[in-house]
Structures are given as C-alpha cells and as structure tokens.
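Engineer: Quick one: sequence plus predicted model below, questions after.
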Amino acid sequence: MAASNPLRQFAMKANTYPAWLRSKLLTWMFRFKVKLTGTVSVDILETDLKSVTFRQKNYKKVQNHIGSVHAAGMALLAESATGFVVGVNLPGDKLPLIKNMNLQYVKRAQGDMQAIAWLTDEQIQQMQTQDKGEVTVQVKVTDAQGIEPVLCEMVWAWVPKSRKS
C-alpha cells in the first residue's frame, strides 16, 4: 500500500470548498512550501489532481526590461505547475526531483501568464507503483492573448525518501 501523501490530502480537502476559497488555500500552502513562488506571487487557480492551472500576474517585480514576465518567471511558473501535479500524485514516501527543464522562448509574451500541467493515467500509475523513475510532464504556458511564448519540456524523477538514522 502506498504511503499517505500530505500534499494530496490537503489538495483533496481544499477541493471540497468553493472555488474562491480553494484557490486561496492551495496558493497559500504552495507559497508556504516553495518560498520563491511566494516572493513572485504565483497563484494556483484550480486542480483536479491530474492537472493544475497556475498563474503569474505581470507584476513589476517579475518583469523584464521590455515589461513582460521575465524568462526566469516563466520557467518558475512551468516548473511549479509540473512539480505540483507530480507532488500530489506520488506516494508520501517518495521525493520528487526536477531532472531536466528545456525551454524554448519562441514569441514575446504580453500580460499575465498561465501554465496548465497534466499527467496521463499511465504516468500516475507508474508513479504509484515504481520505487523510482521519471516522467515527462506536459505543460502549456500561455500569455494574456492565449499565445504560447515558451515551449516547455519538464522531466521529473522520483526516488525513495531517505530513512532517518
């Protein structure tokens, strides 16, 4: 039997609340655990635990020299969304680790950014049954006009958590 996953339990509980409160609870928890996302004010809009939608508003503190979300901010958005969806689907005794990020910036971004990341049923099954492994997590990052300014490939691995001696 898979070990209990506190992140999954929290997300499942949060999903029982109205959408406005659900988003606030998930965002608060994620920003608490991943401090950089709090610094740049990344938001979780929704999740069904197989997919998640994150948002990065185009605040001054995350802008580049041309007034759009900085390339590093877009990378953080994609990494956060994929990491969340991996994190809620791993057993509690496994540790998620980003293995590879490949980002191709293909267009100029305008306005707020959104990332939608998702896993297939097969990937979730693999994460639940294999002691260690890796998956390429699908993620689509779009700007306020619905344009995909960055193409992302995120590979996540998992390993057993270390036993305390």
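Structural biologist: Thanks, I have the structure now.
Engineer: so how far is the longest helix seen in the chain from its chain's centroid?
Structural biologist: When the chain is parsed with DSSP state H, its longest helix is helix 71-87. Helix 71-87 sits 4 Å away from the centroid of its parent chain (C-alpha atoms, centre = their mean, to the nearest Å).
Engineer: Sheet-wise, list the partners of the helix or strand just after that helix with their directions.
Structural biologist: Downstream of helix 71-87, the next assigned helix or strand under DSSP states H and E is strand 94-105. Strand 94-105 has the following sheet partners, assigned by DSSP bridges: strand 150-160 (antiparallel).
Engineer: Show me which positions of the partner strand end up buried.
Structural biologist: 150, 152, 154, 156-158 (16 or more other C-beta atoms under 10 Å). Bear in mind the C-beta positions are built from the backbone N, C-alpha and C, glycine included.
Engineer: can you name the two of the residues you listed that are farthest apart?
Structural biologist: With distances taken as C-beta to C-beta, the most widely separated pair in the buried residues of strand 150-160 is Val150 and Trp158, at 24.9 Å.
Engineer: Was I right to think Leu45 contacts Thr53?
Structural biologist: Yes: checked against C-beta atoms under 8 Å, the pair Leu45 and Thr53 is within contact range at 4.3 Å.
Engineer: how close does the residue nearest to Phe84 when sequence neighbours are not counted get to His65?
Structural biologist: Nearest in space to Phe84, with sequence neighbours left out and distances taken as C-beta to C-beta, 6 or more residues apart in numbering, is Val52 at 5.1 Å. Distance, Val52 to His65, by C-beta to C-beta, to the nearest Å: 30 Å.
Engineer: between the two, which one's more packed in?
Structural biologist: Neighbours per residue (other C-beta atoms under 10 Å) separate Val52 from His65, with Val52 holding more: 27 against 6.
Engineer: OK, contacts around that one?
Structural biologist: Taking C-beta atoms under 8 Å, 6 or more residues apart in numbering, we find Val52 in contact with 44, 46, 81, 84-85, 88, 116-118.
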